[in-house]
Structures are given as C-alpha cells and as structure tokens.
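Asker: I'd like to go over a predicted model; first the sequence, then the structure.
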Amino acid sequence: MPRPILVSACLLGLSTRYDGSSKKDERVEQFIRENDLLPIPVCPEQLAGLPTPRPAARFISGDGCAVLDGTGRLVDANGDELNQVFLRGAVETMKIARLTGATQALLKQRSPSCGTRQVYRDETLVPGQGVTSALLSRNRIEVFSEEDPEGLELNR
C-alpha cells in the first residue's frame, strides 16, 4: 500500500500559485511513482482561504519559524499583514498530515508557506523556512523541496 506524502499542489500541476500558475515538476511525479508514495496535494494559502490569483507575499522580518514564534512579519504586495492567514494555512495542512498519516512533505522551495531552506525577505533570497514548512518540521514531519526529492529518507 502506498505511503502518503504531502506535496505542494503546484508541483503536481495544479494552478494554485499566487499568480494562478503551477510549477509542475516531472521529477516529483517520477519520484512519487518510483517510491510507491501516495501524493496528498496541499496548498496552505488556499487552505487558509486566500484566493487564486492573489498578491505575492514576502517576509519583512524573520521567516516561518519567526512567524510561529511571534517575531516574524509576513505581508503581501499591498502591505497587508498575513501572519494569521499563513498560520491558519499551516495548521490546516498539519491537520491533513495527521488525517492521512503522512510523515513526510515534499514542498515548493522559496515559497513563504512551503519553502524548506530558502524564502524571500523583501526581494532577497535568504536561508529560512516558510510558515507551513516550519510548523510541519516542529511536529516531526520531514520536509524536503522539489530540489532535493532524492534526499527523502524513506522508512521502508
């Protein structure tokens, strides 16, 4: 029986990105097939109730870990505060992980929700995690990006 894995919906070809596009990645689909995984598509921003398309979001200070700790700040292109919205999306994604038994997540690098090692602060790419990636990590869900799916440690 395939093991469930959360996957950023945009990586599976769903048009869930802020600009209404996808980032379909054939390597992700191949990785899922080759490792007998059941992809559970998630878009934390849509799960939080944000529309698609929507204004782009960036960290003004900190990253997803800092937002979880109450010290980071995330805003959209209009300057609207998004901390609570992104926290809601992260919590909903965590609920899906628990409901499906997923213990791993393959997420879109550099996203303010899903980034696993890099995010944008203002217009600069910096080390850090997105809000959802940070929450999943804190709850012992292994997170990886589409840039390193071969790094998944499969519990066979």
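Answerer: That came in fine, so what should we check first? Numbering: from 1, shown residues only.

Asker: For the residue nearest the centre of the chain, which three-state class applies?
Answerer: In the chain, the centroid-proximal residue (C-alpha atoms, centre = their mean) is Cys114; its distance is 2.1 Å. Under DSSP: H, G, I helix; E, B strand; the rest coil, the three-state class of Cys114 is coil.

Asker: Offset the numbering so it begins at 731, please.
Answerer: Got it, first residue is 731 now, which makes that one Cys844.

Asker: how far does stretch 735-754 sit from the chain's center?
Answerer: With C-alpha atoms, centre = their mean, to the nearest Å as the basis, stretch 735-754 stands 10 Å off its chain's centre.

Asker: And for stretch 770-785?
Answerer: 10 Å.

Asker: end to end, how far does it reach?
Answerer: Its first and final residues considered, stretch 770-785 spans 25 Å by C-alpha to C-alpha, to the nearest Å.

Asker: Check stretch 789-797 too.
Answerer: 9 Å.

Asker: circling back to that earlier point, for the residue nearest to the centre of the chain, which residues are in contact?
Answerer: For Cys844, the contact set (C-beta atoms under 8 Å, 6 or more residues apart in numbering) comprises Ser738, Pro774, Leu837, Lys838, Gly860, Thr862, Ser863. Yep, even glycine has a C-beta here, placed from its N, CA and C like the rest.

Asker: Keep only those of the residues you listed that are in strands.
Answerer: Secondary structure from DSSP state E places Ser738, Leu837 of the contacts of Cys844 in strands.

Asker: on contacts alone, who are the packing partners of the worst-scoring helix or strand of the chain on mean pLDDT?
Answerer: For the chain, counting by mean pLDDT, DSSP states H and E, helix 756-764 ranks last in confidence among helices and strands (a mean of 93). Identification of packing neighbours for helix 756-764 by 3 or more C-beta pairs under 8 Å, 6 or more residues apart in numbering; DSSP states H and E yields strand 733-738.

Asker: Parallel or antiparallel, list what pairs with the strand it packs on.
Answerer: Using DSSP bridges, strand 733-738 pairs in its sheet with strand 767-772 (parallel), strand 834-837 (parallel).

Asker: Let me have the contacts of Cys844 in a markdown table, extended by distance to Val797 and pLDDT.
Answerer: Below are the contacts of Cys844 laid out as a markdown table (distance: C-beta to C-beta, whole Å; pLDDT from 0 to 100):
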| residue | distance to Val797 | pLDDT |
| --- | --- | --- |
| Ser738 | 18 | 98 |
| Pro774 | 12 | 98 |
| Leu837 | 16 | 97 |
| Lys838 | 17 | 97 |
| Gly860 | 9 | 98 |
| Thr862 | 10 | 99 |
| Ser863 | 11 | 98 |
